[in-house]
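Asks: Structure here, sequence nowhere to be found:
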């Protein structure tokens, strides 16, 4: 008799209960062969079953009746294997399985791209259907799942309502870059199109979710957003996931407190729920990653106005690539990193940016020059989160939109939220994929998304 | 001194701790006025703060220094109010607030559409930015959030990995109806387009998530999917959310067990975590809804083959609208409901459908005529979930695609999953919005989606 178990269950039992593990004699595992080497008499298979980052070591001998076949099982093949569980406290792995039966569930052709040799991340992007089986991707995609759950638990535990804001939108003027058109025609006659007008893919759920904040007080979106920008950088993708909370009866201070709590919660959650993956990143991808995020988790986030930051940058004893520091400029990553890495030595919120470099919906400060916006800067990357208090005053919002030359007709509904019990409120946007890069040290957004979409790249 | 509290916290404390509630004297609330009626000397405000389905009753008198203004606060206005908490165990509500201070946070214009009179759901669809404040929508959108969390907890607790399958896809041949084109051009020259080829909105994450099941064993997607079908029914939307789990080393039986567990878990979770909302649906939308879903939660789901079902339908002492019952036909809702409501009197899986009425990826049975598919039928609606074991045999899959006249080039990667350790696996799709309709008794998919998208309808 044997017990079917997963590799995760085995590792967890190893830590949890010596007595229970001692009572287990025979175990059945199912998974995929990472390596299979055989000396002729004695063979070793590294098996991964998808449930845990680490493998199980299988040992087989000529006693196995299909030994001749087993020794030929290739890397990548799926097998079911039964064996005697043997604890190996001195070994690299805490246990091994002495195989008594092995069955091939799915063979693997000899042109399997994931042979033992290492492949470049560039090459792996061409095979997104197979790369989750390679360690770096196996680690990042589980972390992606763990971080998703962290987000949901963080907000739901505090009573936030999750809102599925629409992907297809009729608002052309959300004001965040180029958009994709959604159509069923090939002649751009949108008034005859599926929706009877021009439709595009959303660039942000914020405007829509604000409507829900006026009903539920605390809400969040977490879904895909899109940019048709032709920029080929390591930090831009055409499709990416965003988290956009919105809180009513709240100002910029409340917003920053929420951001700080969320970032710390997410870091802690990932360290606790993906420890093997984080250890892998530390070893193979970014030696500083655990240290960096642990420091952020344990820091008090500082606050500094944009104007203060500009003064500090002017005085800085550093030659920036863009060294033309003046009030009103948009800060570059080098400036942001200087501020959090050299000045503050930790996470810092920059607040009260010039209105001309920020979005139309941000609340105008009494100085008439700045808006109640905040960017969270963290060591290692610079900006991680952007938030703001929203303009809740109809007249001020209307004037601002006019000033920016925005056509307000399609956003009348958004403006109307101000006329119908629109209280002060605030919110922020966290780029989910960038947060993943930040946690893991992965350097390219293409390598943290399951099927990345970028200009001229649409693989499957 | 007062304590800031939410209405949810107050109601929860009422149930939890009499001692703690007795120790609270003054409370501050923030929310929106549902009604405000004043006799001249004594006024009553029904306040909702977004955190709880039920309102708080505020009582104010001429002692209030801004009484003259407060009595004019309109429905919809946002206010901050402080008052003495008084328990009213004999009243309709378990407590009221005797107002000592009231501040207007956001006025509400007199053309506010949500005055006390009831509006039709049709009218409400024209104001999706305001309707979450109306009871039916307030209830359904919180239930939507609760059900989302149920899904995530159900899968994550069992170690499933959440995968963000792509929204923009290059696979034109996913085989599930009409698709939307995603473009940045107006001339349909797709080779010059953003991605260098034709791109469309996904109709299902299944094919992509199968790739991840071959790495992580148990995975799920939960995201938006799209159909450009010009069908104006109460059950079809152009944008809707789907849950698509995929499990490796699993057959149809495992799949059905997973479906049954998930449905029961979700029902239970919603009954426990949205009791006020469910009571509202029972009272106002569908008198049977709690009874119906409780029965499903407590049932054993039966199983029956399609062929058995056809025999039963032939013998049925009922006149169907489509009474031409023969093997090979696609069952209509009336047939499905007869089977679960009259024959089984409970949930039933229909299995082993004729291959010709099912998708190309479903595993061919040994009879060469049927596939290892299952539909879950439930009383009240008919089909709720569709699943199948997937064809893991390369040759059989290839032959099936050829037979169906499918162009296989763009799906070569999908077929290759069978060549590289592709073991037996299964999965299913649950239409999230239809599940919400099922739970609540809401009759139109447009009324369970925050901003519904249907032919010729794209409101904001």
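Replies: Perfect, I can see it now. Bear in mind the structure is a predicted one, so any value in this text is a computation, not a measurement.
Asks: Pretty sure residue A:32 sits against residue A:76.
Replies: Yes. Here residue A:32 reaches residue A:76: they are 6.3 Å apart, a contact under CB atoms under 8 Å. Every residue, glycine included, has its C-beta placed from N, CA and C.
Asks: Pull up the overlap in contacts between the two.
Replies: Shared contacts of residue A:32 and residue A:76 (CB atoms under 8 Å, 6 or more residues apart in numbering or on different chains): A:133, B:421.
Asks: Tell me if I'm right that residue A:33 and residue A:81 touch.
Replies: No. The criterion here is CB under 8 Å, and residue A:33 misses it with residue A:81 at 9.6 Å.
Asks: Between those two, tell me which one has more neighbours.
Replies: residue A:81 (25 against 22; other CB atoms under 10 Å in any protein chain shown).
Asks: Could you tell me whether the more buried one really is in a helix?
Replies: No. Counting by DSSP: H, G, I helix; E, B strand; the rest coil, residue A:81 falls outside a helix, being strand.
Asks: What count of nearby residues applies to the closest residue to it other than its chain neighbours?
Replies: Nearest non-adjacent residue to residue A:81, counting by CB to CB, 6 or more residues apart in numbering or on different chains: residue A:102, 4.8 Å away. As a burial measure, residue A:102 scores 21 neighbours (other CB under 10 Å).
Asks: Let me see the confidence value for residue A:102.
Replies: For residue A:102, the pLDDT comes out at 98.
Asks: what's the span of stretch A:182-201 from first residue to last?
Replies: 7 Å (CA to CA, to the nearest Å).
Asks: Next, the buried residues of that stretch.
Replies: A:182-184, A:190, A:193-195, A:198-201 (16 or more other CB atoms under 10 Å in any protein chain shown).
Asks: can you check stretch A:142-160 too?
Replies: A:142-156, A:159-160.
Asks: Filtering those by proximity to chain B, which remain?
Replies: Checking the buried residues of stretch A:142-160 against chain B by CB under 8 Å from any CB of the partner chain, the ones in range are A:142, A:144-145, A:148-149, A:152, A:156, A:159-160.
Asks: got a markdown table for those residues, with secondary structure too?
Replies: Shown next, in a markdown table, are those (three-state DSSP):
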| residue | secondary structure |
| --- | --- |
| A:142 | helix |
| A:144 | helix |
| A:145 | helix |
| A:148 | helix |
| A:149 | helix |
| A:152 | helix |
| A:156 | helix |
| A:159 | coil |
| A:160 | coil |
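Asks: The stretch 101-250 of chain A: strands as residue ranges?
Replies: Here the stretch 101-250 of chain A has its strands, by DSSP state E, counting those that start in this stretch, at A:161-162, A:168-169, A:181-183, A:199-201, A:218-226, A:239-248.
Asks: The fifth one and chain B, any residue contact?
Replies: To tie it back to what came earlier, the one meant is strand A:218-226. Yes. Using CB under 8 Å from any CB, we find that strand A:218-226 touches chain B at A:218, A:223-224, A:226.
Asks: Spit out the contact partners of the residue of the stretch 251-400 of chain A found nearest chain B.
Replies: Chain B sits closest to residue A:392 of the stretch 251-400 of chain A, with a gap of 6.7 Å, by CB to the nearest CB. Residue A:392 is in contact with A:363, A:418, A:422-425, B:106, counting by CB under 8 Å, 6+ apart.
Asks: Leaving aside the residues adjacent along the chain, what's closest to residue A:73?
Replies: The shortest distance from residue A:73 to any non-neighbouring residue, by CB to CB, 6+ apart, is to residue A:36 (5.3 Å).
Asks: Whichever strand or helix holds the one you found - what's its average pLDDT?
Replies: Element membership for residue A:36 (DSSP states H and E) is strand A:26-38. For strand A:26-38, mean pLDDT rounds to 97.
Asks: what about the next helix or strand after it, distance to the chain center?
Replies: Counting by DSSP H and E, the next helix or strand C-terminal to strand A:26-38 is strand A:42-48. Its chain's C-alpha centre and that of strand A:42-48 lie 33 Å apart, by CA atoms, centre = their mean, to the nearest Å.
Asks: Toward the C-terminus, what is the element adjacent to strand A:42-48?
Replies: strand A:56-61.
Asks: So the residue lying farthest from the centre of chain A: helix, strand or coil?
Replies: Centroid-distance maximum for chain A: residue A:63 at 47.6 Å, with CA atoms, centre = their mean. Residue A:63 carries the three-state label coil when classified by three-state DSSP.
Asks: Kindly state the pLDDT recorded for it?
Replies: Residue A:63 carries a pLDDT score of 95 in this model.
Asks: what sits against it?
Replies: Neighbouring residues of residue A:63 by CB under 8 Å, 6+ apart: there are none.
Asks: who are the neighbours in contact with the residue nearest to residue A:81?
Replies: Residue A:102 makes contact with A:58, A:60, A:64, A:66, A:70, A:73, A:79-82, according to CB under 8 Å, 6+ apart.
Asks: Please produce a markdown table containing the residues of strand A:218-226 next to chain B, extended by neighbour count and pLDDT.
Replies: A markdown table is the format used below for the residues of strand A:218-226 next to chain B (neighbours: other CB atoms under 10 Å in any protein chain shown; pLDDT from 0 to 100):
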| residue | neighbour count | pLDDT |
| --- | --- | --- |
| A:218 | 23 | 98 |
| A:223 | 22 | 98 |
| A:224 | 21 | 98 |
| A:226 | 24 | 96 |
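Asks: From those, pick the one nearest chain B.
Replies: Nearest to chain B among the residues of strand A:218-226 next to chain B, counting by CB to the nearest CB, is residue A:224 at 4.9 Å.
Asks: just to revisit the earlier point, any common contacting residues for residue A:33 and residue A:81?
Replies: With CB under 8 Å, 6+ apart as the test, residue A:33 and residue A:81 both reach A:45, A:47.
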